[in-house]
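>>> need a structure here:
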Amino acid sequence: MHELGVVFYVARDVKQVALENNVEKITAVTLQIGEVSGIIPSYLIDCWNWTRKKEPVMEEAELRIEQIDAVSFCEDCKQEYPTVQYAKVCPHCGSEHTYLLRGNEFLIKEIEVL
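Below you'll find the model as predicted:
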């Protein structure tokens, strides 16, 4: 379960932002997670709920997750398509000359404070 390691990095960054901005209480953290990032949101939330209780500045912080849909691009027909549904094969022309445009991101989008 690499979600725990990911949560440790998020918590470290969130605590650093709080420290730099003299924030005493974080109420929510919003993450944007790509559909094919390899992160399982339910595991991430479980890890977050365990980790946040160990840090006074974020002990009540809610974790919000926004999914970024995976989209691939076909170099032959120049069209985009949903990656999860079609994988490497373009549904428009059948080409395998494709690459992922978006969907593997992992970003801290927002930190809400009191």
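>>> what are the ranges of the helices in this protein?
With DSSP state H, the ranges of helices along the chain come out as 3-20, 41-52, 83-86.
>>> The closest residue to Pro91 other than its chain neighbours: neighbour count?
Ranked by Cβ to Cβ, 6 or more residues apart in numbering and with sequence neighbours excluded, the top spatial neighbour of Pro91 is Tyr81, at 5.3 Å. All C-beta atoms are positioned from the backbone trio N, CA, C, and that covers glycine. Tyr81 sits with 19 neighbouring residues when counted by other Cβ atoms under 10 Å.
>>> show me what contacts Tyr81?
By Cβ atoms under 8 Å, 6 or more residues apart in numbering, Tyr81 lies in contact with 71-72, 74, 90-92.
>>> partner residues bridging it?
Note on Tyr81: beta-bridge partners Ser72, judged by DSSP bridges.
>>> before we move on, back to that, ranking the helices of the chain by mean neighbour count, which comes first?
Ranked by mean neighbour count, these are led by helix 41-52 with a mean of 17 (mean count of other Cβ atoms under 10 Å).
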